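Enquirer: sequence? don't have it. structure:
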């Protein structure tokens, strides 16, 4: 629960997150590389007083979420072209900001070139988000929130994505437990979505839709295909060393990571250069082997977890809009506004 007296940082994070989306979306044009837009967005966040709450993600066409570029510019598996925008691409830009752990998360979808090929889907995704938010008064059961989004998607001829959800936000915790359905689960089949909207809580509301028939997303292999990692908080560095699970160098690198990112997601391209500190002038292939071994070790002891990028199971085009809201006695206050 976020008290009114503690809300300034959350509102500030929301303002920076929204300004970033609005300030960067014009850079998503044909011929522009994905990594240029991602880098520009992350620099925009820092320039305006925030810190990325997670790596800026770009998801194109049937890719739904969780993809950011890595230090070697490897495309997602199955993506057979350069990571450069083309006219007609349906692009999701997802931006998160934190200010001392107070979080804001927002996203939008645009069509490169504005050719009108995805107008109805974009409109439905935006309106589904807004319909969900309108229902978010204290005590509203979660199934009603999902039903509101579902109605908009299906009326427009699209399928809601059923296995991607909105989420509660707490300080330093991007996915804080409560999940928000984006489809009609019904009042009698609300397993996994029990309870209701809570006064004082902060939620990221992000219904996804698809032109596919299954309404499901799947992981893109391999398991770390997002190029995103997170410190789990399940084991301390000290405990890992006492149990002989970490050597001094591994502990030093783990400490570098934890001090910079706490328990928020971070990009491989952010952390990989940290290896240059203990290994100045080392050959690239040697550094890469050391990085891979370090990550494997830190995941094996549950210090780190990784994410897979996500795509539509039957390769439908995906649309998404997202706001972060704080729940007041009178209803939702949208935090991700300029």
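Expert: Looks like it came in fine. Computed from a predicted model, the values in this text were never measured in an experiment.
Enquirer: which residue is the nearest non-sequential neighbour of residue 240?
Expert: residue 246 (4.3 Å; Cβ to Cβ, 6 or more residues apart in numbering). The C-beta positions use only the backbone N, C-alpha and C, and glycine is treated the same way.
Enquirer: doesn't that neighbour fall inside a helix?
Expert: No - using DSSP: H, G, I helix; E, B strand; the rest coil, the assignment for residue 246 is coil, not a helix.
Enquirer: how close does it get to residue 239?
Expert: 9 Å (Cβ to Cβ, to the nearest Å).
Enquirer: please identify which of the two sits among more neighbours.
Expert: With neighbours defined as other Cβ atoms under 10 Å, residue 246 and residue 239 compare such that residue 246 has more, 23 against 13.
Enquirer: that one and residue 335, how far apart?
Expert: 38 Å.
Enquirer: ok, residue 31 next?
Expert: The value you get for residue 31 to residue 335, if Cβ to Cβ is used, is 34 Å.
Enquirer: residue 38 in helix, strand or coil?
Expert: Under three-state DSSP, residue 38 comes out as helix.
Enquirer: in three-state terms, label the residue nearest to residue 177 when sequence neighbours are not counted for me.
Expert: The shortest distance from residue 177 to any non-neighbouring residue, by Cβ to Cβ, 6+ apart, is to residue 168 (5.9 Å). Secondary structure state of residue 168, per three-state DSSP, is strand.
Enquirer: with residue 218 instead?
Expert: strand.
Enquirer: what number of residues lie near it?
Expert: There are 14 residues near residue 218, going by other Cβ under 10 Å.
Enquirer: what about the host helix or strand of residue 327, average pLDDT?
Expert: Element membership for residue 327, per DSSP states H and E: strand 323-328. For strand 323-328, mean pLDDT is 98.
Enquirer: given it, what are its sheet partners and their directions?
Expert: strand 202-205 (antiparallel), strand 331-334 (antiparallel) (DSSP bridges).
Enquirer: higher neighbour count, residue 31 and residue 335?
Expert: In this view residue 31 and residue 335 are compared by other Cβ under 10 Å, and residue 335 has more residues nearby, 28 against 9.
Enquirer: hang on, the more buried one packs against residue 327?
Expert: No - using Cβ atoms under 8 Å as the test, residue 335 is too far from residue 327 to be in contact (10.8 Å).
Enquirer: overlap in contacts of the two?
Expert: residue 202 (Cβ atoms under 8 Å, 6 or more residues apart in numbering).
Enquirer: okay, helices next: where are they in the stretch 201-338 of the chain?
Expert: 237-242, 248-261, 268-271, 284-300 (DSSP state H, counting those that start in this stretch).
Enquirer: nearest to residue 317, of those helices?
Expert: Comparison of those against residue 317 by Cβ to Cβ identifies helix 268-271 as nearest, at 27.2 Å.
Enquirer: hmm, who's touching that closest one?
Expert: 55, 68-71, 224, 227-229, 256-257, 260-261.
Enquirer: make JSON lines out of the residues you listed and add pLDDT and distance to residue 184.
Expert: JSON lines is the format used below for the contacts of helix 268-271 (pLDDT from 0 to 100; distance: Cβ to Cβ, whole Å):
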{"residue": "55", "pLDDT": "98", "distance to residue 184": "32"}
{"residue": "68", "pLDDT": "97", "distance to residue 184": "32"}
{"residue": "69", "pLDDT": "95", "distance to residue 184": "36"}
{"residue": "70", "pLDDT": "94", "distance to residue 184": "37"}
{"residue": "71", "pLDDT": "92", "distance to residue 184": "42"}
{"residue": "224", "pLDDT": "91", "distance to residue 184": "34"}
{"residue": "227", "pLDDT": "96", "distance to residue 184": "34"}
{"residue": "228", "pLDDT": "97", "distance to residue 184": "30"}
{"residue": "229", "pLDDT": "97", "distance to residue 184": "34"}
{"residue": "256", "pLDDT": "93", "distance to residue 184": "46"}
{"residue": "257", "pLDDT": "95", "distance to residue 184": "41"}
{"residue": "260", "pLDDT": "95", "distance to residue 184": "41"}
{"residue": "261", "pLDDT": "95", "distance to residue 184": "37"}
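Enquirer: just the buried ones from those residues?
Expert: 55, 68, 69, 70, 71, 224, 227, 228, 229, 257, 261 (16 or more other Cβ atoms under 10 Å).
Enquirer: now do the contacts for the fifth one.
Expert: Think residue 71. 268, 269, 272, 273.
Enquirer: ok, the last one to residue 280 distance?
Expert: So that's residue 273. 12 Å.
Enquirer: just want to know which of these two has more residues nearby.
Expert: More crowded of residue 273 and residue 280, by other Cβ under 10 Å: residue 273, with 11 against 7.
Enquirer: spatially nearest residue to that one (excluding sequence neighbours)?
Expert: Closest to residue 273 by Cβ to Cβ, 6+ apart is residue 71, at 7.7 Å.
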